[in-house]
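Q: Dropping a prediction and its sequence here:
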Amino acid sequence: MTKHSVRPGSVTVDPRDFLAVDALLDDEERLIRDTVRQFVGDRILPGIADWFEEGIFPIELAKEMGSLGLLGMHLDGYGCAGTSNVAYGLACTELEAGDSGTRSFVSVQGSLCMFPIRAFGSEEQKQEWLPQMAAGEAIGCFGLTEADAGSDPSSMRTTARRDGGDWVINGSKMWITNGSVSQLAIVWAKTDEGVRGFIVPRDTKGFTVNDIHQKLSLRASVTSELVLDDVRLPADAVLPEVVGMRGPLSCLNEARFGIMYGAIGAARACYEAALDYAGERMMFDKPIASFQLIQRQLVEMLVKVNRGMLVAMHVGRMKDAGTLDPSHISFGKLDNVRMALEVAREARSVLGANGITLEYPVIRHMNNLESVLTYEGTNEIHTLILGNKITGIPAFG
Amino acid sequence: MKIAVCVKQIPDPATPYELDPETHFVVRPNDQVLDDTDRYGIELALQLAEATEGSVTLVSMSPAGGLQGIRQALAMGADKAIIIDDESLRGSGALGTAKVLSAAIKGEEADLVIAGTESTDGYVGLVPQMLAELLGLPALTFAKKVEQADGGLRVERQTALGYDVVESPLPALVTVTSGAVEPRYPTFKGIMQAKSKPIEQPSVADLGLTAEDVGVAGSGQHITAVEPAPERGGGVKIVDEGEAHLEIVKILEQAKVI
């Protein structure tokens, strides 16, 4: 093996890809990343500040994302693109560099709704739902969390009981992304056999959805409550191939993987906004980037963003190689999301008063990341998953 | 309709271009991108091919490198690509390029040849017209709108004052202005399929040409020196105290702009 010596100046260093992560990607991954980046630049960034302020998720984007191939992109067949996990992750990074709400929409559709149908659904369910979900013509939402069952989802109160050949579901679900814009819900409910998943079409009698308002985070995303009052479903509404908490938890692993990558996008957008701002903002007759304290802030952000991307790339390659344990995803979700939140706060401070306006992306990302820190396994839960893994002692209860 | 689209891989315009100090040729990295202006021609070709159950072949003369730019174009939906990369092509001028492209396109029996108006790295803007002449095709240049009409084409041709309407039978060559159509994003399925689409790489000899036809020898030109463009002057600053518009009108009149 040839050993190269380090020659200063012989290699060009890109402040926006400091560790040259680009070189870790193959052509296909690069092209997918560039395509999503362009889509976000054309279709998300021009409108996002207004959508956030007005509390709107632009649902017309669903079909555009569908025709691009973003929805369920890493699943095979049934109209899905069948990309690698790394490519899916990179798409999440670019989407979340736009807004966490946009990435959340794609995570819920692909990882939380299409994935369980693909993994645990009957052939009929796959054929009925997956092609139209991949196209963005049918939107899904994922009902696991309840008002009093968050980190401990197995304490859920929603039940499904058999009644003749039918199932009857009662209960409610809380903090459900995409609720009121969805055509179907994947609802997890307790049965005599254990927790089971059901495909609940939106127009089913007894199924109502209420949006949650007055949010200060993920404002360009729909968050709802699902209410199921004697919802009667035919026998074939149940996902036949899974019983128990393994079902919903495996969906969460998929989504958390995307979040691990996505959070870096939000962090990167904040770092780049701060880098640009510090180079232009004049104070004491020079750009504030000239001050040691500001340089330290920029470098802290740089290090965190690049480190987060390396973690994601490594975990992503492990997932594609089939050598991944769910605790590896916990490592990535735990560290990358808290990193992103730190970077967003640091960037907000560099931008001074301008940092609190929607003219810059920073405070929007900062507020969004407060939700991302909590959903899909809180920071605390991922800490306990890792603690359990290294000590062999569960400390959840 | 069988359509051939001329495309080019160029060094990423976001990075500074380097010239070889001896040859004055652009230094081309292994990783090149699709010339952004080519996306309009590809989109037009895809729309026409979709309407006629036709096919789209990309034709390119440029260092193949990692073929990233070509794959980008295939990912948009083109069916195959022909790329001619041969050491003897280094230093080719517009005419040599047109000879190579015409030889490659002749074998395709295309009903329509589409090109951009000029490349973003060279900015010569002569290759399409030379190509039309070599192929014996009418050249419909600077099209801002292209429609099928009576078995031929109806083109709105951008002019300094507006546009001309030009009609032509097929086969023909069309150059497309940026913005004529809205280029599609490559879809992920397209990106996944691109790597299995055929990419032919004929040599200059395969096309029936010799080294004398192309490269520096065939270009009939020699770059003797390259100078940096002169820096622009500082301009005139007008401070508006209510009368600035009159000053600006006067300057525009002097420049004979209005």
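A: In hand now; what should we look at?
Q: The stretch 51-200 of chain B: helices as residue ranges?
A: B:68-76, B:94-106, B:127-135, B:188-194 (DSSP state H, counting those that start in this stretch).
Q: tell me the most buried of the ones you listed?
A: With neighbours defined as mean count of other CB atoms under 10 Å in any protein chain shown, the helices of the stretch 51-200 of chain B peak in mean count at helix B:68-76, which reaches a mean of 25. Bear in mind the C-beta positions are built from the backbone N, C-alpha and C, glycine included.
Q: what distance separates that helix from the middle of the whole chain?
A: How far helix B:68-76 lies from its chain's middle: 15 Å, per CA atoms, centre = their mean, to the nearest Å.
Q: re the thing from before, mind checking the helices of the stretch 51-200 of chain B for the one nearest to chain A?
A: The closest of the helices of the stretch 51-200 of chain B to chain A is helix B:188-194. By CB to the nearest CB, the value is 3.0 Å.
Q: What average pLDDT does stretch B:15-31 get?
A: Mean per-residue pLDDT for stretch B:15-31: 84.
Q: my bad, stretch A:361-372
A: Averaging pLDDT along stretch A:361-372 gives 98.
Q: in that stretch, what's buried?
A: Residues of stretch A:361-372 classed as buried by neighbour count (16 or more other CB atoms under 10 Å in any protein chain shown): A:P361, A:V362, A:I363, A:R364, A:H365, A:M366, A:N367, A:N368, A:L369, A:E370, A:S371, A:V372.
Q: likewise stretch B:202-212?
A: B:P202, B:V204, B:L207, B:L209.
Q: Before we move on, what's the pLDDT of A:M1?
A: Note on A:M1: pLDDT of 64.
Q: now swap in the one 10 residues further on and tell me
A: On pLDDT, A:V11 comes in at 85.
Q: export the helices of the stretch 51-200 of chain B to CSV and tack on distance to A:N210 and mean pLDDT?
A: Below are the helices of the stretch 51-200 of chain B laid out as CSV (distance: least, CB to CB, whole Å; pLDDT from 0 to 100):
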stretch, distance to A:N210, mean pLDDT
helix B:68-76, 42, 93
helix B:94-106, 62, 93
helix B:127-135, 60, 96
helix B:188-194, 35, 93
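Q: excluding its backbone neighbours, what's nearest the residue of the stretch 51-200 of chain A at minimum distance from chain B?
A: Per CB to the nearest CB, A:G69 is where the stretch 51-200 of chain A lies closest to chain B, at 3.0 Å. Closest residue to A:G69 apart from its sequence neighbours, by CB to CB, 6 or more residues apart in numbering or on different chains: B:F188 at 3.0 Å.
Q: That neighbour against A:E29, yeah?
A: No: judged on CB atoms under 8 Å, B:F188 makes no contact with A:E29 at a distance of 10.9 Å.
Q: which ones are touching A:I393?
A: Residues counted as contacts of A:I393 (CB atoms under 8 Å, 6 or more residues apart in numbering or on different chains) are A:G387.
Q: what separates the residue of the stretch 51-200 of chain A closest to chain B from A:E128, distance-wise?
A: Counting by CB to CB, to the nearest Å, the separation of A:G69 from A:E128 is 20 Å.
Q: With neighbour numbers in mind, choose between these two.
A: Neighbour count, other CB atoms under 10 Å in any protein chain shown: between A:G69 and A:E128, A:G69 has more, with 27 against 18.
Q: Touching, the more buried one and A:G82? I think so.
A: No: assessed by CB under 8 Å, A:G69 is found out of contact with A:G82, at 9.3 Å.
Q: picking that back up, dump the buried residues of stretch A:361-372 to a markdown table, plus secondary structure and distance to B:D85.
A: Shown next, in a markdown table, are these (DSSP: H, G, I helix; E, B strand; the rest coil; distance: CB to CB, whole Å):
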| residue | secondary structure | distance to B:D85 |
| --- | --- | --- |
| A:P361 | coil | 42 |
| A:V362 | helix | 46 |
| A:I363 | helix | 50 |
| A:R364 | helix | 46 |
| A:H365 | helix | 44 |
| A:M366 | helix | 49 |
| A:N367 | helix | 51 |
| A:N368 | helix | 47 |
| A:L369 | helix | 47 |
| A:E370 | helix | 52 |
| A:S371 | helix | 50 |
| A:V372 | helix | 46 |
